[in-house]
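> predicted structure and sequence below. I'll ask about it afterward.
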Amino acid sequence: MPKAKLRHVAINCEDLEGEANFMKSAFELEEVGRAGDVTKSGAIYLSDGVMNIALIRIEDPEFPNYNPQGLNHIGFVTPDLDGSIDAAEAAGGKSMVDRDNKMAGATWEMKMKSASGKFDFDLSDHGWPGITL
């Protein structure tokens, strides 16, 4: 059986344009596509060149992957943790922990909220199992 590789994360959003602008500003993601009418029910696709994020808005509860609950969080690995925190905050993101209090040691992650507060994300300079810089 071939090994599957994670290549995208889908996030349910009410304001696709707003979330896309936040992601582009905070993480320098590139918009790589759109589907449907993003003001009603559609998608905006962003990428860092390896992983894609699909920001989706589905209003029809009968649609196969309708899920208004969204996603718990996504994680970004960065070689410049402080610079990435600064960029996320400048784009409207909110820190949920003190960046100077790395009590968990090597497993510490900067926990943040998106500008809209609709989803959370982690920033790390050490990566996670199976992920390197």
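Everything's here; your move.

> what's the single longest helix in the chain?
helix 16-27 (DSSP state H).

> mind giving me the packing neighbours of that helix?
Packing partners of helix 16-27 (3 or more Cβ pairs under 8 Å, 6 or more residues apart in numbering; DSSP states H and E): strand 30-37, strand 41-47, strand 52-57, helix 81-90. The way it works is simple: take the backbone N, C-alpha and C, and place the C-beta from them, glycine included.

> go with 7 Å
strand 41-47, strand 52-57 (3 or more Cβ pairs under 7 Å, 6 or more residues apart in numbering; DSSP states H and E).

> buried deepest among those, which one?
Across the helices and strands packed on helix 16-27, averaging neighbours per residue (mean count of other Cβ atoms under 10 Å) puts strand 52-57 on top, at a mean of 21.

> let me know the angle separating that strand from strand 30-37.
30 degrees (axes from the mean of the first three to the mean of the last three Cα atoms, to 10 degrees).

> which neighbours does strand 52-57 have in its sheet, and in what orientation?
Here strand 52-57 is paired, per DSSP bridges, with strand 8-12 (parallel), strand 41-47 (antiparallel).

> for the protein, give me the ranges with low pLDDT.
Within the chain, the stretches with pLDDT under 70 are 1-6, 63-69, 72, 102-107, 127-133.

> and with 80 instead?
1-8, 40, 58-61, 63-73, 99-108, 118, 126-133 (pLDDT under 80).
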